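> sequence and predicted structure are below.
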2 protein chains.
Amino acid sequence: MALEHLFQGSALNAVDAKGRVSVPAFLRSVIERRGDARTIVLAKHDAFTCLSAYDPAYAALKHQKLERLLEKQETDPSAELDYARRTMMAFGATEEVPYDSSGRVILPPMMRRKGQVDDLALFIGVGETFQIWNPKLFLADPNVPEDMKDIARFRLEERGQ
Amino acid sequence: MALEHLFQGSALNAVDAKGRVSVPAFLRSVIERRGDARTIVLAKHDAFTCLSAYDPAYAALKHQKLERLLEKQETDPSAELDYARRTMMAFGATEEVPYDSSGRVILPPMMRRKGQVDDLALFIGVGETFQIWNPKLFLADPNVPEDMKDIARFRLEERGQ
DNA sequence: CTGTATGGCATGAAAATCCATTGTATCCCG
DNA sequence: CGGGATACAATGGATTTTCATGCCATACAG
């Protein structure tokens, strides 16, 4: 059930004019230890103005989770509809993108818009998945803990921005 | 559930110009008995001005705890946000660093600043995790027991500092 | 052709690896 | 019990490798 390898850490990378961005090596290594894929799956995050990303192996796990959730609320008549909506979002509203030999992906324009990612991409590992943020929105979001914002500020400073 | 091998003891090691520091051998041996990793995970300590460190196996344990917590209160909409914040702190605010054959890690600049670690690193085993302190801050912290400070003073003296 | 996508290559910085030296605790044999 | 030998730990320095990213070459479409 639980995944052995977890995403953790943070990084701030540039998005070039073509919408390409390097997926940090420490995240790629987790992807490749979980399976043999060299692709990431992108989705709009449920709660935040950012993108949620993971490897194909996790997508299967997510499906199982939704199944279990449905079983738990079996008696509730609205559960069925809830399940239908969740699965639609979980699989329909995603895009899978490969990364090349140097670890770069092309952020699909739709996702880029959904996550409002501009010319800088802040990567945050959160265990089973990782997030991709516009650092400006990250700093402005009241739901993001202040300690996390400190990290974002450090990453920006480190880069001289 | 509980980890069998515990971190204990103390040591004072030098941090060189490149930010490298030896992880004491007695702590490394615990890490390697818990799993086969040769890396440590670093995070800012919740309460103290120091770093909290542990092995990847403990990080996985931490993750399972959060998962169970979420499943228990799945129906609550605010639980989702709470979970997101917790995982962000637990994984995003950390850095995983490997140690080489001679047992050294490089302290990432961000962590070095968060823990205010200068050219000396005081390691304190505290069971499931261990802490990394700037010895000066350790001695100045009113929340640290006097008996512990004696140990730090001894380590400093031992080193002629 | 010309503008646009996509893969491969080059570069500079940072980090992992290797080797060498020193210091310290331990062991063994006299 | 003492003293030298030995093994391991910590640390300094140098070298090799990896990473992020800019740049260019090729392909492909309008």
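Perfect, I can see it now. Numbering: from 1, shown residues only, chains lettered A, B, ... in the order given.

> near chain B, which residues of chain A?
Selection of chain A residues close to chain B by Cβ under 8 Å from any Cβ of the partner chain yields A:2, A:4, A:6-10, A:26, A:46-48, A:69, A:72-73, A:124-128, A:131, A:143-145, A:147-148, A:150-151, A:154-155, A:158. Where you see a C-beta, it was placed from the backbone N, CA and C, and this is true even at glycine.

> output the lowest mean pLDDT helix or strand found in chain A.
Using mean pLDDT, DSSP states H and E, helix A:79-87 stands out as the lowest-scoring helix or strand of chain A, at a mean of 75.

> let's see it as CSV, backbone CA atoms only.
Extracted in CSV, the C-alpha atoms of helix A:79-87 (Å, rounded to 0.1, in the frame of the first residue of the first chain):
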residue,chain,number,x,y,z
ALA,A,79,-21.2,9.0,-2.8
GLU,A,80,-21.6,7.6,-6.3
LEU,A,81,-21.7,11.1,-7.9
ASP,A,82,-18.8,12.2,-5.7
TYR,A,83,-16.8,9.2,-6.9
ALA,A,84,-17.6,9.9,-10.6
ARG,A,85,-16.4,13.4,-10.2
ARG,A,86,-13.3,12.5,-8.4
THR,A,87,-12.2,9.9,-10.9
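
> which of the residues of chain A next to chain B are buried?
A:6-10, A:26, A:48, A:69, A:124-128, A:131, A:144, A:148, A:150-151, A:154-155 (16 or more other Cβ atoms under 10 Å in any protein chain shown).

> near DNA strand D too, which of those residues?
By Cβ under 7 Å from any atom of the strand, the members of those lying near DNA strand D are A:Phe26.

> mind checking the SS state of A:Ala11?
Here A:Ala11 is recorded as strand under DSSP: H, G, I helix; E, B strand; the rest coil.

> what's the distance between the residue lying closest to it once chain neighbours are set aside and B:Val41?
Leaving aside its sequence neighbours, A:Ala11 sits nearest to A:Pro24 (Cβ to Cβ, 6 or more residues apart in numbering or on different chains; 4.1 Å). Remark: distance between A:Pro24 and B:Val41 (Cβ to Cβ, to the nearest Å) = 16 Å.

> looking at those two, which is more packed in?
Neighbours were counted for A:Pro24 and for B:Val41 using other Cβ atoms under 10 Å in any protein chain shown; B:Val41 has more, 24 against 19.

> assumed that one was part of a strand.
Yes - B:Val41 sits within a strand when classified using three-state DSSP.

> so what pairs up with A:Val41 in the strands?
A:Tyr54, A:Glu96 (DSSP bridges).

> what distance do you get for it to B:Leu120?
For A:Val41, the distance to B:Leu120 - Cβ to Cβ - is 45 Å.

> before we move on, back to that, how far is the least confident helix or strand of chain A from where the chain is centred?
22 Å (Cα atoms, centre = their mean, to the nearest Å).

> for stretch A:153-161, same thing?
With Cα atoms, centre = their mean, you get 21 Å for stretch A:153-161.

> let's see it as PDB, backbone CA atoms only.
Extracted in PDB, the C-alpha atoms of stretch A:153-161 (Å, rounded to 0.1, in the frame of the first residue of the first chain):
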ATOM      1  CA  ARG A 153      12.400  33.200  -0.100                       C
ATOM      2  CA  PHE A 154      15.700  31.500   0.400                       C
ATOM      3  CA  ARG A 155      15.500  29.700  -2.900                       C
ATOM      4  CA  LEU A 156      14.700  33.000  -4.600                       C
ATOM      5  CA  GLU A 157      17.600  34.800  -2.900                       C
ATOM      6  CA  GLU A 158      20.000  31.900  -3.700                       C
ATOM      7  CA  ARG A 159      19.200  32.600  -7.300                       C
ATOM      8  CA  GLY A 160      19.500  36.300  -7.000                       C
ATOM      9  CA  GLN A 161      15.900  37.100  -7.800                       C
END
